[in-house]
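**Q** test case, fold it:
(chains A and B)
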Number of protein chains: 2
Amino acid sequence: MKLEAFIVDNIPLIKEGDNLAEIICNNTKLEDGDIVVIASTIVAKSEGQIFRLKDITPTDKAVEIANKNRFSPAFVQAVLERSRDCLVDSPIMLVETYNGNVCINAGLDDSNIENGFILDLPKNPDVSAEYIGLHLQNLTSKKIGVVITDTNGRAFKTGQTGVAVGLYHIPAIKNWRGKNDLYGHALDITEEAIADEIAGTANLLMGEGDGGTPVVIIRGLDVLTGKKVSVKNMYRPDDKDIIKKGLRSLNQSNL
Amino acid sequence: MKLEAFIVDNIPLIKEGDNLAEIICNNTKLEDGDIVVIASTIVAKSEGQIFRLKDITPTDKAVEIANKNRFSPAFVQAVLERSRDCLVDSPIMLVETYNGNVCINAGLDDSNIENGFILDLPKNPDVSAEYIGLHLQNLTSKKIGVVITDTNGRAFKTGQTGVAVGLYHIPAIKNWRGKNDLYGHALDITEEAIADEIAGTANLLMGEGDGGTPVVIIRGLDVLTGKKVSVKNMYRPDDKDIIKKGLRSLNQSNL
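**A** Numbers count the residues shown, from 1 in each chain, chains lettered A, B, ... in the order given. Modelled structure (predicted):
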């Protein structure tokens, strides 16, 4: 078994209204079963998910947190507005977004965008993935999967990895339950987070800087499904999350 | 830019004393710059890192924890002996191993091994990676990187991903500091956990069950370094780890 991952060259700087599926198809020839991995930055740009900090009025709560963590009150306000829970507010802001992902700064990004502007995440990345995926399939008549990615930090380790934030035709988790191991015992380690592994594979090629290449094709993995998928299937339920419980016991300033 | 990842076929069931480098070279032709990704299970087996639970005498502390989490006292004892800190002891055991990795059950594994036996991690996976890497380079006269992998769960999300537990010639983290983004600003998101992304890429091909294929080659990534590397470079220092702090505030039963 073998997989290939390669960059789609010549993706231009994306602006609101650009049709990503057309741009991708104009620059590469997709095959049946391909996984198209797209950085959330260009999806957000194509959807116009950009705002200016100076248009935001911070609440007292945002000002109070900003006094602790030294971020600008408007930035803190923007993070809070995108979060249903603030697990840590200082010295970093670790929040759970309304989509369910736990990440720093609710995924807001001030790199790779013009000065004074902040790039949001796509409003609903699963819907964005489906929208782009349907366009790609219409243009190519092939069966295509889509993974929209961001980069997130991790617990206990430094560094960031690519993670899936929106999915189309790719399950978040591959279930090995019911399989036997090499000695015939039933396996109890049963769930593989394939969507995040796909995002990490693509991130090895995407780069972060001015050589940024936001679209990667992964070919050769037999993981596409016709079923409805959602990235939300991998977010751990609140009542089974002991790490959140620990963080809440440290910081009672929840929203 | 492009990467390929492929399985090395025909790896036999590994036993103590087997020379993994020879076995790998007999079954694939390595090229300069290749990354050889090896599941820790076969490294541990080749090193004889296998033990029997019935040879272990649990302490009172292990019995007390086993009464809470319903594991066998001998298994709890085995986990505690491999841990410098037990962050959570029930209903799961989340520990920090002496090597610095935070994981469930100190990485002990009772799948893919004969009944009654438990498979340990390699004693020092960085040393194992170096040992295998030096052998591979001697056999091939090529520059080769090695990543020894395990699968670990993650915070806030279900599912497991491949992670690096031992490294040779592959940096744990790629540093983007000093690079500019597409608009010429200095990037502040600067560290990419490439070793774990490589492990995740390989895990997409390795599988968990009886089709288990424990060696994957990754070709085309320009990430090899001549410098001394260690997987420990990515473990977050204790005093900067707010998640550990939260877990300790819940559970004072540290070792």
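**Q** list phi and psi for residue A:162.
**A** When quoted as degrees, to the nearest 10, the phi and psi of residue A:162 stand at phi -60, psi 140.
**Q** quickly find the element holding the residue lying closest to residue A:2 once chain neighbours are set aside.
**A** Leaving aside its chain neighbours, residue A:2 sits nearest to residue B:6 (3.9 Å; criterion: C-beta to C-beta, 6 or more residues apart in numbering or on different chains). For the C-beta atoms, the positions are set from N, CA and C on the backbone; glycine is no exception. Using DSSP states H and E, residue B:6 sits in strand B:2-7.
**Q** keeping just the C-alphas, turn that strand into CSV.
**A** The C-alpha coordinates for strand B:2-7 follow below in CSV (Å, rounded to 0.1, in the frame of the first residue of the first chain):
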residue,chain,number,x,y,z
LYS,B,2,5.6,15.8,-3.2
LEU,B,3,6.0,13.0,-0.7
GLU,B,4,5.5,9.2,-1.1
ALA,B,5,4.8,6.9,1.8
PHE,B,6,4.7,3.1,1.3
ILE,B,7,4.7,0.0,3.3
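**Q** which secondary structure elements does that strand contact?
**A** Judged by 3 or more C-beta pairs under 8 Å, 6 or more residues apart in numbering or on different chains; DSSP states H and E, the packing partners of strand B:2-7 are strand A:2-7, helix A:194-206, helix B:194-206, strand B:215-219.
**Q** residue A:56: how many residues sit nearby?
**A** 17 (other C-beta atoms under 10 Å in any protein chain shown).
**Q** from chain B, how far off is it?
**A** Residue A:56 sits 20 Å away from chain B, going by C-beta to the nearest C-beta, to the nearest Å.
**Q** mind listing what that residue touches?
**A** A:74, A:77-78 (C-beta atoms under 8 Å, 6 or more residues apart in numbering or on different chains).
**Q** of all the residues you listed, which comes closest to chain B?
**A** Among these, residue A:78 lies closest to chain B (C-beta to the nearest C-beta), at 16.6 Å.
**Q** quick check, that closest one in a helix?
**A** Yes - looking at residue A:78 with DSSP: H, G, I helix; E, B strand; the rest coil, it is inside a helix.
**Q** residue A:145: which of the helices and strands packed on strand B:2-7 is closest?
**A** With C-beta to C-beta as the measure, helix A:194-206 is the member of the helices and strands packed on strand B:2-7 nearest residue A:145 (8.6 Å).
**Q** please compute how far that closest one lies from its chain's middle.
**A** 11 Å (C-alpha atoms, centre = their mean, to the nearest Å).
**Q** which other helices and strands does that helix contact?
**A** By 3+ C-beta pairs under 8 Å, 6+ apart, helix A:194-206 packs against strand A:2-7, strand A:35-39, strand A:145-153, strand A:160-168, strand A:215-219, strand B:2-7, strand B:160-168, helix B:194-206.
**Q** could these be laid out in JSON lines, adding distance to residue B:60?
**A** What follows is the helices and strands packed on helix A:194-206, written out as JSON lines (distance: least, C-beta to C-beta, whole Å):
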{"stretch": "strand A:2-7", "distance to residue B:60": "50"}
{"stretch": "strand A:35-39", "distance to residue B:60": "52"}
{"stretch": "strand A:145-153", "distance to residue B:60": "39"}
{"stretch": "strand A:160-168", "distance to residue B:60": "41"}
{"stretch": "strand A:215-219", "distance to residue B:60": "51"}
{"stretch": "strand B:2-7", "distance to residue B:60": "46"}
{"stretch": "strand B:160-168", "distance to residue B:60": "31"}
{"stretch": "helix B:194-206", "distance to residue B:60": "37"}
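**Q** quick one, which of those gets closest to residue A:242.
**A** Closest to residue A:242 of the helices and strands packed on helix A:194-206 is strand B:160-168 (C-beta to C-beta; 16.6 Å).
**Q** give me the residues contacting the helix or strand just after that closest one.
**A** Moving toward the C-terminus from strand B:160-168, the next helix or strand (DSSP H and E) is strand B:174-175. With C-beta under 8 Å, 6+ apart as the test, strand B:174-175 has contacts from B:190-192, B:194, B:223.
**Q** hmm, back to that, quick one, which of the helices and strands packed on helix A:194-206 gets closest to residue B:153.
**A** Nearest to residue B:153, of all the helices and strands packed on helix A:194-206, is strand B:160-168, at 5.3 Å by C-beta to C-beta.
**Q** any part of the closest one near chain A?
**A** Yes - judged by C-beta under 8 Å from any C-beta of the partner chain, strand B:160-168 and chain A are in contact via B:160-162.
**Q** for that strand, list the C-alpha coordinates in CSV.
**A** Taking Å, rounded to 0.1, in the frame of the first residue of the first chain, the C-alpha atoms of strand B:160-168 are listed here in CSV:
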residue,chain,number,x,y,z
GLN,B,160,-5.6,7.9,18.5
THR,B,161,-2.9,9.1,16.1
GLY,B,162,0.6,7.9,15.4
VAL,B,163,3.2,9.8,17.4
ALA,B,164,7.0,9.8,17.4
VAL,B,165,8.6,8.2,20.5
GLY,B,166,12.2,7.9,19.2
LEU,B,167,14.2,9.8,16.5
TYR,B,168,17.3,9.6,14.5
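**Q** wait, residue A:3 sits on residue B:203?
**A** No - if you go by C-beta atoms under 8 Å, residue A:3 and residue B:203 don't touch, sitting 11.5 Å apart.
**Q** which one's more surrounded, those two?
**A** Neighbour count, other C-beta under 10 Å: between residue A:3 and residue B:203, residue B:203 has more, with 26 against 23.
**Q** please report the distance of that one from residue A:197.
**A** Remark: distance between residue B:203 and residue A:197 (C-beta to C-beta, to the nearest Å) = 6 Å.
**Q** could you pull up the residues touching the residue nearest the centre of chain A?
**A** Closest to where the C-alpha atoms of chain A average out (C-alpha atoms, centre = their mean) is residue A:165, at 2.8 Å. Contacts for residue A:165 (C-beta under 8 Å, 6+ apart) come out as A:40, A:99, A:101, A:107, A:121-122, A:125, A:148-150, A:231.
**Q** and chain B, which of those residues contact it?
**A** The subset of the contacts of residue A:165 within reach of chain B, by C-beta under 8 Å from any C-beta, is residue A:101.
**Q** just give me the closest of the contacts of residue A:165 to chain B.
**A** Looking across the contacts of residue A:165 and measuring by C-beta to the nearest C-beta, the closest to chain B is residue A:101, at 7.8 Å.
**Q** not counting its neighbours along the chain, what's nearest the closest one?
**A** residue A:165 (6.3 Å).
**Q** residue A:250 too?
**A** Leaving aside its chain neighbours, residue A:250 sits nearest to residue B:246 (4.9 Å; criterion: C-beta to C-beta, 6+ apart).
**Q** just residue A:63 next, same as before
**A** Nearest-residue entry for residue A:63: residue A:73, 4.7 Å, with adjacent residues in sequence omitted and distances by C-beta to C-beta, 6+ apart.
**Q** kindly report the same for residue A:69.
**A** Nearest non-adjacent residue to residue A:69, counting by C-beta to C-beta, 6+ apart: residue A:90, 4.0 Å away.
**Q** which residues does the one you found contact?
**A** Contact analysis of residue A:90 by C-beta under 8 Å, 6+ apart lists A:65, A:68-69.
**Q** ranking by neighbours, what's the top pick from these?
**A** Using other C-beta under 10 Å as the neighbour test, the contacts of residue A:90 are led by residue A:65, with 22 neighbours.
**Q** looks to me like it is in a helix.
**A** Yes - according to three-state DSSP, residue A:65 belongs to a helix.
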